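Asks: Sequence and predicted structure below; questions after.
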Amino acid sequence: MPIDVSDVEHVAWLARLELAPQEKEAMAAQLGRILDYMEKLREVDTDGVPPTFHALEMACPLRHDAVEPGLTQEEALANAPEAAEDLFRLPRVGEGAP
């Protein structure tokens with residue numbers, strides 16, 4: 001599928017990219033080759049192939065979501081550099097660290 005410089009300029013404008021003239025020519029050629037390859041992939045027979053998001057069977061590496069007890073207020077504040085009235089005390093915005 002032929003891509004010309006005006007297509008590249010339009011996409012660059014949408015992406016807020018500034019391209020030099022030689023970059024536009026190179027990008028048009030590269031995008032053209034990518035689209036040609038995509039057309040070639042359309043010829044592949046995929047009937048009977050289930051849709052997948054990954055080529056390999058993958059197990060979920062995440063733990064099961066379960067309700068567990070959290071920290072108490074005292075435990076959460078135990079390592080705080082400074083606390084006041086059961087809250088974390090932080091320097092004001094614009095003030096340096098003490």
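Replies: Perfect, I can see it now.
Asks: Any regions of the protein where pLDDT drops low?
Replies: 1, 95-98 (pLDDT under 70).
Asks: now the helices for it?
Replies: Per DSSP state H, the chain carries helices over the ranges 5-14, 21-41, 73-77.
Asks: what does the shortest one rub up against?
Replies: By that I understand helix 73-77. 83, 86, 88 (Cβ atoms under 8 Å, 6 or more residues apart in numbering). (Each C-beta comes from the backbone N, C-alpha and C, glycine too.)
Asks: With residue 2 as the reference, measure out to the closest residue to residue 90 other than its chain neighbours.
Replies: Using Cβ to Cβ, 6 or more residues apart in numbering and skipping residues adjacent in sequence, the residue nearest residue 90 is residue 82, 8.0 Å away. Residue 82 is 66 Å from residue 2, where distance means Cβ to Cβ, to the nearest Å.
Asks: most remote residue from this protein's center?
Replies: residue 85 (39.9 Å; Cα atoms, centre = their mean).
Asks: any idea how far that one lies from residue 43?
Replies: From residue 85 to residue 43 the distance is 70 Å (Cβ to Cβ).
Asks: Give me the neighbour count for residue 9.
Replies: By the other Cβ atoms under 10 Å criterion, the neighbourhood of residue 9 contains 15 residues.
Asks: typed the wrong thing, it's residue 12
Replies: By the criterion of other Cβ under 10 Å, residue 12 has 16 neighbours.
Asks: Can you verify my assumption that it contacts residue 18?
Replies: Yes: with contact defined as Cβ atoms under 8 Å, residue 12 reaches residue 18; the gap is 7.3 Å.
Asks: quick one, what contacts residue 29?
Replies: Residues counted as contacts of residue 29 (Cβ under 8 Å, 6+ apart) are residue 3.
Asks: With residue 7 as the reference, measure out to the closest residue to residue 5 other than its chain neighbours.
Replies: Leaving aside its sequence neighbours, residue 5 sits nearest to residue 24 (Cβ to Cβ, 6+ apart; 4.9 Å). Noted for residue 24: a distance of 10 Å to residue 7, by Cβ to Cβ.
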